[in-house]
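1. I'd like to go over a predicted model; first the sequence, then the structure.
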Amino acid sequence: PQIEHNAPKFKYRVYWRKEEDPQWLIEDIANWRQKELLVENQPKFTKYRIKVVAHNQRGEANVGAQEVIGYSGEAEPGEAPTNFTLREVMGPRSAVVSWEPVNPSSINGHFKGYKIVTWTDATGEENQREIIMRSDATQSLVRSFKPYAVNYARVLAFNGAYDGPASNKITIVTPEGKPGPTSKLECYPMGSSALLLEWDPPQEINGILTGYRIYYAKLEATKTGAMLEREPSIRNNATTKAKLAGLQPHSKYRVTIRATTIAGEGMPFYTDCNTNPQANSPPSMPRFKYTHLSSDSMLSRIKVTWQPYVDGNPGSHFYVKYRKKTESQWLMSDQQLNENYVIVQGLDPGLVYEFSVVAVDGSFETASAIQDVHTYATLPMAADRGGVMLASSGWFIGMLLALVFLLAVCVVVCLVKRNRGGKYAVQEQEVAHGRADYDEGGFMEYSQPLGGERRKPSVSSEMKLPAESDTESIADYADGNDAGRFEEDGSFIGLYGATGRRAKAPSDLNADKVGGQPVISAATFV
């Protein structure tokens with residue numbers, strides 16, 4: 001404070017020097033309110049001795065200044081650990097790794113230790129996790145790997161401000177581990193002594209999910225009863241619903257579910273549920289379907305699966321009653337508490353049985369409609385045993401219709417391409433009658449024949465017309481007379497009439513005779 005300056009011209013005199021340098025560097029600060037001094041362009045992370053002495057115009061303070069040790073700023077470490085190696089995989093989450101240490105002088109700051117960074121293909125290297133090790137460590141048991149995955153890891157040194165360069169990358173393949181908890185667990189009362197449970201699979205399976213195990217205990221005031229397990233355990237990993245029966249009406253239960261892998265049961269997830277009061281009315285009528293099962297013996301087996309009527313009172317548990325159609329005495333299966341099916345065995349083949357499913361709630365029972373079931377020594381076609389034949393299944397019919405449609409489209413496309421790119425039939429017919437193709441372009445009827453010679457008419461040619469045709473002309477055809485007069489090859493045959501050609505002298509007519517018979521020139525129009 002200013003009251004302690006004790007004379008005018010108060011100032012601070014700052015001394016500093018490197019640890020190994022005996023010569024002090026000095027700078028005076030005249031502003032007594034200033035509390036710091038920035039010395040620039042110093043080597044990175046260098047050790048200095050520093051002291052500050054107060055002065056006024058009478059001289060230096062009579063109390064000796066205390067020297068302190070300081071450092072210039074930290075920089076990035078310049079060396080990466082080498083020989084980063086996987087020693088042993090200890091479990092689903094743990095492995096032993098080792099590395100060669102860095103030179104402390106390369107840290108360029110206060111050596112804080114090592115960081116082991118890990119990641120997987122799913123998370124990506126940008127979302128890596130860090131494990132901090134001491135600065136004197138060269139080996140570590142890392143416990144943060146992801147189970148049942150390909151993990152990657154690197155190690156690096158770090159100081160108080162920066163991380164150093166990372167080491168080589170190693171790969172750690174971990175075995176299956178125990179799964180995490182399910183995402184949720186909800187329960188709904190069924191009748192007066194059962195619960196319908198529904199859940200979502202765990203987000204962290206940590207392996208291949210093999211099923212679930214369900215436990216329950218009755219809650220009474222401030223204490224919890226014995227923990228019991230639902231039987232059988234669930235071995236279908238796709239199942240997300242289950243029934244828990246055999247409970248007491250109007251009671252509260254704590255239900256716990258654990259997912260399982262080959263490594264064992266995962267973390268628990270529980271919820272508290274209440275059952276309904278004692279039933280005072282019969283349950284709703286259930287529905288069921290049946291399936292024939294194969295059997296090693298000559299007796300038949302039928303699997304009966306029911307669907308409770310959930311919009312009403314579905315009932316707490318079920319059983320199946322059955323009898324031969326010719327008998328009056330019903331046989332009953334065991335009461336099924338937790339499953340929605342029963343397999344009835346030991347049925348005589350070649351007979352007709354009557355089946356019915358009975359819903360039970362307390363002392364009330366409701367039977368389903370009776371269905372006739374035929375039994376067989378050998379399994380029939382699917383349609384005869386309550387299934388669906390392949391030829392009548394919807395997907396099969398749809399596939400056939402699609403194939404027929406594609407075939408029709410292909411046929412239409414082929415016909416269109418043929419009509420657009422085919423030749424006219426006249427050319428082929430004329431070649432068949434002895435008229436060869438010409439090399440020159442244009443209309444072949446008016447082109448120069450091959451060899452440069454004029455084509456001579458032939459008495460025997462099919463082009464010879466009857467005598468009365470001499471008076472006809474193209475105009476007659478144009479006017480509609482003898483419309484559609486064509487030869488077999490599709491060509492239009494006509495004569496040059498008087499209106500369409502030069503009249504010939506009698507001498508010319510005589511010149512056009514061969515063997516005393518007149519020859520009439522003809523042309524083909526296409």
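-> Nice, I can see it.
2. ok, E36 - how many residues close by?
-> For E36, the tally of surrounding residues (other C-beta atoms under 10 Å) stands at 6. Every residue, glycine included, has its C-beta placed from N, CA and C.
3. again with R17
-> Counted with other C-beta under 10 Å, R17 comes out at 16.
4. Do I have it right that it meets Y48?
-> Yes: applying C-beta atoms under 8 Å, one finds R17 in contact with Y48, separated by 6.6 Å.
5. Spatially central, which residue of the protein would that be?
-> Taking C-alpha atoms, centre = their mean as the criterion, A122 is the residue nearest the geometric centre of the chain, at 14.6 Å.
6. The closest residue to that residue other than its chain neighbours and V89, how far apart?
-> Once flanking residues are discounted, A122 sits nearest to A149: 7.2 Å by C-beta to C-beta, 6 or more residues apart in numbering. Relative to V89, A149 is positioned 12 Å away (C-beta to C-beta, to the nearest Å).
7. dump the residue contacts of L331.
-> Counting by C-beta atoms under 8 Å, 6 or more residues apart in numbering, L331 makes contact with 321-323.
8. ranges for the strands of the stretch 101-250 of the chain?
-> Counting by DSSP state E, counting those that start in this stretch, the stretch 101-250 of the chain has strands at residues 113-120, 129-133, 139-142, 150-158, 163-166, 170-173, 182-190, 194-202, 211-220, 223-224, 228-229, 241-244.
9. now for the third one, which elements pack on it?
-> If I follow you right, that is strand 139-142. Helices and strands touching strand 139-142, by 3 or more C-beta pairs under 8 Å, 6 or more residues apart in numbering; DSSP states H and E, are strand 95-100, strand 113-120, strand 129-133.
10. Let's see that with 10 Å instead.
-> strand 82-89, strand 95-100, strand 113-120, strand 129-133, strand 150-158 (3 or more C-beta pairs under 10 Å, 6 or more residues apart in numbering; DSSP states H and E).
11. okay, those strands, which one's buried deepest?
-> Highest mean neighbour count of those: strand 150-158, a mean of 22 (counted as mean count of other C-beta atoms under 10 Å).
12. Surely V97 touches I170?
-> Yes: under the criterion of C-beta atoms under 10 Å, V97 makes contact with I170 at 7.0 Å.
13. okay, and the common contacts of these two?
-> 84-86, 118, 153, 155 (C-beta atoms under 10 Å, 6 or more residues apart in numbering).
14. mind giving me JSON lines with the residues you listed and columns for distance to S363 and pLDDT?
-> Shown next, in JSON lines, are those (distance: C-beta to C-beta, whole Å; pLDDT from 0 to 100):
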{"residue": "F84", "distance to S363": "72", "pLDDT": "96"}
{"residue": "T85", "distance to S363": "72", "pLDDT": "96"}
{"residue": "L86", "distance to S363": "66", "pLDDT": "96"}
{"residue": "T118", "distance to S363": "61", "pLDDT": "96"}
{"residue": "A153", "distance to S363": "65", "pLDDT": "96"}
{"residue": "V155", "distance to S363": "71", "pLDDT": "96"}
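15. between those residues, which is closest to A226?
-> Of all these, T118 has the smallest distance to A226: 42.4 Å, by C-beta to C-beta.
16. roughly how far is the longest helix along the chain from the heart of the chain?
-> Taking DSSP state H as the criterion, the chain has its longest helix at helix 394-421. Distance, stretch centre to chain centre, for helix 394-421: 32 Å (C-alpha atoms, centre = their mean, to the nearest Å).
17. same deal with stretch 210-229?
-> 37 Å.
18. Just the buried residues of that stretch, please?
-> By 16 or more other C-beta atoms under 10 Å, the buried positions in stretch 210-229 come out as 210-218.
19. Isn't K115 up against L156?
-> Yes: using C-beta under 10 Å, K115 is in contact with L156, at 5.4 Å.
20. Mutual contacts of those two, please.
-> 130, 163-164, 166.
21. can you tell me which two in the shared contacts of V97 and I170 are farthest apart?
-> T85 and T118 (14.9 Å).
22. Return every residue with contacts to both of R17 and Y48.
-> Residues touching both R17 and Y48 (C-beta under 10 Å, 6+ apart): L25.
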